[in-house]
Each structure stands twice: as C-alpha cells, then as structure tokens.
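Student: Here is my input; please provide its structure:
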Amino acid sequence: MPSRAKPRLSMLMNQLPYTDNSSLGSSVPLADFVVPPDTDEEVPIVPLAELPNMSEVPPATPPSTSTATTPGTTPTTANGTTAVVKPRTTTSDDNSIFSVLYSAGKKIAIVGGIYLVGYMGWSVAWLIAPVILSVARDQMAKTSQKKREIAKASALASEKDVILARIDELPAWVYFPDVERAEWLNKILKQVWPNANHFARTLVKETIEPNVALALSQYKMNGFRFDRIILGTIPPRIGGVKIYDKNVDRNEIIMDLDLFYASDCDINFYLGGMKGGIKDFQIHGWVRVVMKPLIRSMPLVGGLQIFFLNNPNIDFNLVGVIDFMDMPGLSDLLRRIIVEQIGNVMVLPNKLPISLSEEVSAVSLKMPEPEGLLRIHVVEAKNLMKKDISVLGKGKSDPYAIINVGAQEFRTQIIDNNVNPKWDYWCEAGIFTTINHLVGFSLWDYDQSMPGVQADDLLGRASIDISSVIKKGVLDTWLTLEEAKHGDLHVRLQWYKLTADPNDLQQILLETQLLRVTTMSSAVLSVFIDSARHLKQARSNSKPDPYLVCSVNKQKKQTAMILRDDSPVWEQGFTFLVTNPDNECLNVKIYDQKTGNDIGQYTYTLSTLLKQFNMEVIQQPFQLQKSGPESKLYMSLSLRILKAGEIDKESEAALEQVAALARSSSVKTPDATVAAFQAVKDTQANSKRLSAESPITEEEPVNAAAVIPASASLEKPISEVVSTVLTHRMPESTSSAGEHGLGRIQLSIIYSAQRQKLDVTIHKIMHIPLRDPSNIPDPYVKLYLLPGRSKESKRKTATIKDNCNPTYDASFEYLISIAELRHTELEVTVCTHKGFLSSGSPIIGMRKISLDDSDITTPAGLKSWFDLQPENKHE
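Tutor: Next up, the predicted model:
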C-alpha cells in the first residue's frame, strides 16, 4: 500500500507551485507536505490534509526543523492540525464493538421504555406516539435514500436505462412493432368522456350491480346497491392499437386496444346498513373491438363487439365505513367478485354488443359464435417448489392447478404433500376467437383460510397460444413454469372444429367412450334468448320482475332481471357443452325475482334439432307451459358437432414415433403374409403366458386377419379402431396351480395412448397352496412399477380372509407416457397377513410383467392368467 501512495503524493506535489521554506513573506505555500518515509520502512498510510479554500490566505507557519519524519513522530499539516495515524484493523474493530454496543443499548432502551410506561401506569399514547414518529422518520429516510439512488443511477446509466427504470409500464407500441400509437384516439376519448358517464352508469347499475349483490349474498353480505356513480374527469388511455389484416373474415374488422384506465372516480354504495365507496379505480388489459358486419349504408358498420381477451388487472381503494374490508384477505373477496362480474360482461366468451344499424338483427350480433372447442388434459407436474414449512424446515406443497381461457376457469383437485403431483384432470373450453388468444395455467399451493381470502402461494405460471394447438391438431408438451425457481407442467391439448353434419356425431361419441371420461362432450349448443310475451302476473295488480334460467344437465345460465315488465326483452346469448344430443334437453324457466315463483317454462329436446336444416332454429316462438294462454318465448338455437382438427405433418411424424415405441418387435407392413406371421407370433406369445399344464381349450382360437397392430389407436381414427377391435376372451377359471405350484393370478392390463393412462385390473387368484389346514392364508396383492419401486407406484388390494381362491376385481391406474411404458415392468406380489411356509415370509408368490407388449396398447388390452413364481429378493 505505501508504494501506491507514494506516486500519488508525488503527482499532487508536482501539480502544486513550489515555495521555498526560508521565505516568510507574503508569499506563503498552500501547504507544507511531509516528505514520505524511506521505502524500506513500513508505516501506515497517512491521510492527506484537507486543502484550504483557494480564496483565503493561509496563516504563516514556522519552517520545519526537519525534512523527514521518523516512525515515532506525528506528522503535522500546514494549518497546524495533527493528522492522527491509526491502523485500519483497529478502526474496524472499534466500529464493530461500537455497533454491537449501540444495538444492545437500543434494544435496552426500547424494552425499558415499554416497561416504564407500564410501571408508571401512563396512557398507551406515550407508547404509540414515539412508534408513529419512528415509522414516519424511517419512511422519510427510505424515500430520501431511494431518490439518492435514482440520482446516482441516472448519473451512471444510459438515457435508455434511465427511462426504463423510471417508467413502470410503457405503452405497448414501445415493445411491439406491430402496435401503432393512438394519440389521436386519446384526444377523441378526452373530448367524449364527459358524455360517457351516463352510458357507464346504466351499464353498472343494470348489469354489474345485481350480479355483485347475488355473489355477496353467498357470503351472508346482503343489501348491496350502488348509490352514486361518477367516473371522474380522467378518461381511459389507449397505449397502442393493433389491427389484424390476416386470417380475418372479409365481413369484419378486428383490432386490439391496450387500455389503461386510472380514474378519479367517485362511486358510493351500500352494503346492508353501511355506506362505502370506491376510489382510485384502475384497470389495465387488452380490449378487442370487432366491427361486424360491414354494410353498404352508413355508418358502413352494422355493430360492435367489445370484450377483453383475458381477465384484466383491476385495483381500487375502499373508503367509508366499508374501509374495514380494505385489508389483506377481506379486500380480496370484494375484488374477486368485481373482477368476476366484469368478466361476466366483457371477458370472453362474454361480449358487450353495440348495434349501430337497424339493418343488422340482434341475433347476428349477439348470438354466440364459437369457432371450436379445446380439450385440455392436465397430466402432471414435477419438481415444484416447496412452500409449506414443517418443524424440520421446508416441507412439501399441496398443489393444484387453475386453467384460464378468458373468463372460463377450471380447477384441478388438490394433491396433498407432493411436489410431483399427478392430476389426470380433463376439461373443455369453448373457443370464440383464435387470434392472439392464450390458455393460461397457474399452479398454487393450497393453504386453508377463511372463505374468500387468497392465502395460497403461487408455484408458477405457463401459457400456450391457441393458434399453435390449432396448427398441430394435438399438442403434448412439458411447460417450464415462469415466476418460479423450478418446476414443469405436463399438458395435452387437442383442437376440435365444429360441423353442421349430424353424421359426424357417431364418430365423436365413440371417441369420447374410449376416453372413459364421462364429462367429455360431443357437441356445442348456442342459445339466444330474445324475449318473452304476455307473461302471467306473479302478484296481484303488479307486473313481474322476470329473469330467465336455462340449463343443460348441470350447466345453468341466467339472464338479467327486467323491472316490472310482462313482455321482457333480454337479447342474451349462451353456450352449452352437450354430452350426447340424442338424450339431452334444454330446460328453460322464467322466474319473478320478488316472489321467486315460476311464471313459465319450456323443455326442448335436442334430438329434434339434429333433424332441422343446418341444425338450427332462428327466432322461433315457443308456447310456454305453466303460464298464460298467450305466453310465448322467442329464442334461437344452433347445434354443432365436434370433429377432431387436422394434424400437421410434424405432429403426424411425432405420433408415428410414439406408435413405433408401442410396437414390441415388428414393423407394420402391407404384406398379408407378414401380417399373418405376426398374428401367429402374437398367438404363441399369449400361449406362453399360460402354464404348460393348462389345457389348450382354455384359449379360444384367434383369427389372424383380425389382429390389430399396437399402434392402431394412434394411426387410425378411433371409430375405425373400435370397428375392428377383436374381443379376446379369457377363461374365468383355471385348473392348474402353475408351473411352481404357487397358484395363478388373472390380470387385465390396458394402456390408453390418448389418455396416457395404464389400467391394471386384478380379477382373481386361484389354487393358492394350503400348507397348513389350520392356517388358511389371508391374501392380498401389491403392485409396483419397476425400475424404482417407488412409494408413488405402490397399489394394494383389500385383504380377503381365509381364502385360497380370492376374487378382487380391483382396478388401479398409473399415469405414464408411452415412451416410459416401453422400459417399465409391472411387479405383482401376492402376500398374506399370516406367515407362509417355514420361513414365515408373508410373500406367497410374485410375477414381473413387461409392459413392452403390443397387446397392452390395443383397445382390447391384455387379459390373461399368469403363473406365480417364488419370491425374488429386491436388488
């Protein structure tokens, strides 16, 4: 260190004017610099003396008596001050001791102050006031520190970095080149905003208020109503406009608006007997505006459809007596309800239609028009974060997944204490636009809390563009979770287009039956409720307050309530997913809100809609039942059948690779001789599973021409597969105890490539040897997947007491990809709760079955008898 300081001193001395020490006149040196010691001697660094102001003349100093300092002397400066020399280690030690003493004294003062307040019996204000002052001082210090850090960063960083750091959210046109600036539109909004208050007040009062009141009533909060709605003077701001000119119908114009709304609104409401208000309401999201249809008369556009693609970001402050809700937890309830009701009005599949011309009918503008259906399979996740804290540190998580497609939300079951959950959850979402629309996945760790309070921890997010699924037809992928340190999500999505051909119904019904998921649909029903006429009175001398509820199975949709009108006009559209149109109905009921009485109903059988032209009915009157003689309901219906979308070449190649993995030995060939040889080979393989002692008559002959290749379910439509399925019957009993005399077990093993699920059914065991007549075994069966033999793969049947020929008929499921299936074995172990043989081992017998078998992947699966073998010790 001295070797570095010496050149710096010499450089500084060379820059200063030289003055002779012998002259004591008016010419006085700026400072007398001490000659540095010899380089051979080690001395600590001496801090430079502070230079005086150049405008002042320093006082005269006597000449130095020596030209060098010794290690024992103290250097002096020109102004007579003494430069104290201390080693750095001593200073840091003193600072450390001082900080410890200061921290201890501070804690003693705090504890002593609290004790003194209690001891003296003073008011609690003596304790609160210093706390408030301390918090305020710390907050001011943090603000000042932040300003200083920003100023320092501004001095060091580039101009671009400074702008990005100081602005939280830049307009969309800054980030996306295809988004254009919209300052001209902002100026128009500013001009027309005062006139928009009336429209917004009507929309909130008639649409959002009754829905919010209904939602709050479920939490025992009744009597919600808006009192005053003033949107303020600050208009919404458009951060950018994007207009689509590709893949757009020639009869419509589509554009997206990046909407920011930070209002100075004044909204008052009542909740029960309490009055509250909403201030600083903010909303941000992408709004889509669809202008359709285009007409040949002014204004050239028949109407508008306005909606959010996804739930917007909403924030606000509560004021008034209801301010007690504006705290973490309770405010989440009201915020969630408001977001849901905005979603019910303006988030897909819900749209805000505005008619601009009388030439356009309400049906063409307001009836739902789904473009297709997306079938979503949330398979599993792995390596999720551990959010729960246990006694010994980090525990596991209780994960569940939420799927969002616009306002449509689906939620999986909760898997307790597992960071590698397997959900096998299926859901279906109607898709109303395929342009720039996403499917969102969010994973959460469940934490029990009071109703309406968001206490769950985020485990990560992911999203998929719907257009990529449509392009591929089927998308099976692992998604890396965002906003998480680690974690992956396995999902499978399939696109279904809609057709008006009733002949496509049988094919989709066969496909859904193969899935073995009862909630899957085969058609989509669109309903447009126009109006009702001449409803009966629910009360004497008063018209009803009618609203309509329509339902298909467990799906229910409700219109808005119309005040005091026996001929209400609703003009609302809904969409329903139909499992089987042949045996389902649309039920319609009209209620009076005040009395709750049913004032009209109608049931429409969907099978009749299959016989209509184009499977639709437009603006037809239907005679209401349990109502007046002239009571009629006007509505439109449209039914569309699901049909699997086309698969691109890349996806076909991927499926072909998966199919190749399913084949155990040979490759499919059109040669009939080779096919027959393969059929005989498969037959021989089946016969090897049976004991040599079993008679040949236990197996029925197999028709070689009817054998289905292992990849049939992947290479052909499911309807063709089902039509060619060979029913391979197995005997229900066996007369043999197996090659080793330990008995035989009957199993059914089926793998569904579409569901990526392995089903194992344990039917029965026969001829368990009885070693001791007084000790009849109590058998049960355990299953493991090898290699690994993990606890997650363990399955176990019930125990059947005192039985050598038990029957279980127990089914178990595994979620496993077809690539993993090829390298996996199923270990079947038959045990007893009583000691078996002389060793006392509970294991009667076991069998390892390779899952790399062509029969397992066929729709019929593998059903056979297997000989139990002696116990093999685990490696």
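Student: Return the residues in contact with Trp367.
Tutor: Slight slip there: residue 367 is Met, not Trp. Met367 is in contact with 526, 528, 573, 636, 638, counting by Cβ atoms under 8 Å, 6 or more residues apart in numbering. For the C-beta atoms, the positions are set from N, CA and C on the backbone; glycine is no exception.
Student: Same question for Leu489.
Tutor: Counting by Cβ under 8 Å, 6+ apart, Leu489 touches 378, 380-381, 401, 441, 443, 460, 462, 478-479, 481.
Student: One more: Thr519?
Tutor: Counting by Cβ under 8 Å, 6+ apart, Thr519 makes contact with 426, 428, 579.
Student: That one in helix, strand or coil?
Tutor: The three-state label given to Thr519 by DSSP: H, G, I helix; E, B strand; the rest coil is coil.
Student: Number of residues surrounding Glu358?
Tutor: Neighbour count for Glu358, taken as other Cβ atoms under 10 Å: 8.
Student: brain fart, Glu732
Tutor: For Glu732, using other Cβ under 10 Å, the count is 10.
Student: and it, helix, strand or coil?
Tutor: From three-state DSSP, the assignment for Glu732 is coil.
Student: what's the spacing between it and Gln746?
Tutor: 8 Å (Cβ to Cβ, to the nearest Å).
Student: same deal with Ser263?
Tutor: Going from Ser263 to Gln746 by Cβ to Cβ gives 70 Å.
Student: repeat for Val212
Tutor: Val212 is 59 Å from Gln746, by Cβ to Cβ.
Student: picking that back up, could I get the contacts of Met367 as TSV with pLDDT and neighbour count?
Tutor: Shown next, in TSV, are the contacts of Met367 (pLDDT from 0 to 100; neighbours: other Cβ atoms under 10 Å):
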residue	pLDDT	neighbour count
Ser526	95	20
Phe528	95	22
Gly573	92	26
Ser636	95	20
Ser638	95	25
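Student: ok, of these, which one's closest to Ile856?
Tutor: Nearest to Ile856 out of the contacts of Met367 is Ser526 (Cβ to Cβ; 41.3 Å).
Student: now the contacts of Leu489: which count as buried?
Tutor: 378, 380-381, 401, 441, 443, 460, 462, 479, 481 (16 or more other Cβ atoms under 10 Å).
Student: and these as CSV, adding distance to Lys497 and secondary structure?
Tutor: Shown next, in CSV, are those (distance: Cβ to Cβ, whole Å; DSSP: H, G, I helix; E, B strand; the rest coil):
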residue, distance to Lys497, secondary structure
Val378, 23, strand
Glu380, 28, strand
Ala381, 30, strand
Ala401, 26, strand
Phe441, 23, strand
Leu443, 30, strand
Gly460, 32, strand
Ala462, 25, strand
Leu479, 24, strand
Leu481, 30, coil
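Student: Considering those residues, which is situated nearest to Glu820?
Tutor: Distance to Glu820, by Cβ to Cβ, is smallest for Glu380 among the buried ones among the contacts of Leu489, at 11.7 Å.
Student: Nearest residue to Pro421 in space, please, no chain neighbours.
Tutor: Ile415 (3.7 Å; Cβ to Cβ, 6 or more residues apart in numbering).
Student: and that neighbour, that's in a helix?
Tutor: No. Counting by three-state DSSP, Ile415 is located in no helix; its state is coil.
Student: so it sits right up against Trp423, yeah?
Tutor: Yes. Because the distance of 6.9 Å satisfies Cβ atoms under 8 Å, Ile415 is recorded as touching Trp423.
Student: Now for these two: what residues contact both?
Tutor: Common contact partners of Ile415 and Trp423 (Cβ under 8 Å, 6+ apart): Tyr400.
Student: Mind giving me the packing neighbours of the lengthiest strand in the chain?
Tutor: When the chain is parsed with DSSP state E, its longest strand is strand 274-291. Counting contacts by 3 or more Cβ pairs under 8 Å, 6 or more residues apart in numbering; DSSP states H and E, strand 274-291 packs against strand 253-262, strand 266-271, strand 303-308, strand 313-320.
Student: That strand pairs with which strands, and in what direction?
Tutor: Strand 274-291 has the following strand partners under DSSP bridges: strand 253-262 (antiparallel), strand 266-271 (antiparallel), strand 303-308 (antiparallel), strand 313-320 (antiparallel).
Student: Turn these into CSV, including mean neighbour count, mean pLDDT and distance to Lys643.
Tutor: Formatted as CSV, the strands paired with strand 274-291 follow (neighbours: other Cβ atoms under 10 Å; pLDDT from 0 to 100; distance: least, Cβ to Cβ, whole Å):
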stretch, mean neighbour count, mean pLDDT, distance to Lys643
strand 253-262, 18, 92, 25
strand 266-271, 18, 85, 47
strand 303-308, 20, 93, 26
strand 313-320, 16, 80, 37
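Student: ok so, going back, same question for the longest strand of the chain: list its buried residues.
Tutor: Using 16+ other Cβ under 10 Å as the test for burial, strand 274-291 gives 276-278, 281, 283-291.
Student: Out of the residues you listed, which is nearest to Ile97?
Tutor: His284 (52.7 Å).
Student: Dig out what that closest one forms beta bridges with.
Tutor: Beta-bridge partners of His284, as defined by DSSP bridges: Phe260, Asn313.
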